[in-house]
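S.K.: Return atomic coordinates for the entry below.
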Amino acid sequence: MARVRPRLEAFAAGMLGGLARSDQRAKGELYVRGLLLDGKRKSMQPMADRLGVDHQQLQQFVTSSTWDYVEVRGRLARWAGEFIDPRAFVIDDTGFPKDG
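M.R.: Take a look at the predicted model:
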C-alpha cells in the first residue's frame, strides 16, 4: 500500500475534490483506501481495524455526511472514459451475500 499510496491519494483527490469540506475529502480517501486493503470483510469495523482508525469515521462519511454522490460518480465515469472507450454503461445491481 505504501508504494501506491501517492497514486491513491491523487486519485481520491480527483474524485472527491468537489466535496466542500476537507474532512469529507480526507474521510473519503480513507474509505477508498480501506476498500482496497486486503481482507475479506469490507464493512466499516473490519476496514477501520485494518486502517488503524475508529470505525465511526468511516461510518459517518458513508451514512450521515452530506455530499453529492452524483458528482462523484460523474467524475469517476469521466476518469474511466480516459482509459476505456465505452459504448454504453450498464448498471447491474448484482449483490453478494453478506459474510458476517
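
S.K.: how about the residue of the chain positioned farthest from its centre, what does it touch?
M.R.: Relative to the centre of the chain, the most outlying C-alpha is that of residue 87, 24.9 Å out, by CA atoms, centre = their mean. Going by CB atoms under 8 Å, 6 or more residues apart in numbering, residue 87 touches no other residue. To be clear about C-beta, it is placed using only N, CA and C from the backbone, and glycine gets the same treatment.

S.K.: what about the helices in this structure?
M.R.: Along the chain, the stretches classed as helices by DSSP state H are 5-16, 22-36, 44-51, 55-63, 69-81.

S.K.: can you tell me which of those helices comes nearest to residue 91?
M.R.: Nearest to residue 91 among the helices of the chain is helix 69-81 (10.3 Å), distances taken as CB to CB.

S.K.: what's near enough to touch residue 71?
M.R.: Neighbours of residue 71 in contact, by CB under 8 Å, 6+ apart: residue 18.

S.K.: List the contacts of the residue nearest to the spatial centre of the chain.
M.R.: A centroid search over the chain (CA atoms, centre = their mean) returns residue 32, at 3.3 Å, as the residue closest to the centre. Contacts for residue 32 were tallied using CB under 8 Å, 6+ apart; they are 8, 11-12, 15.
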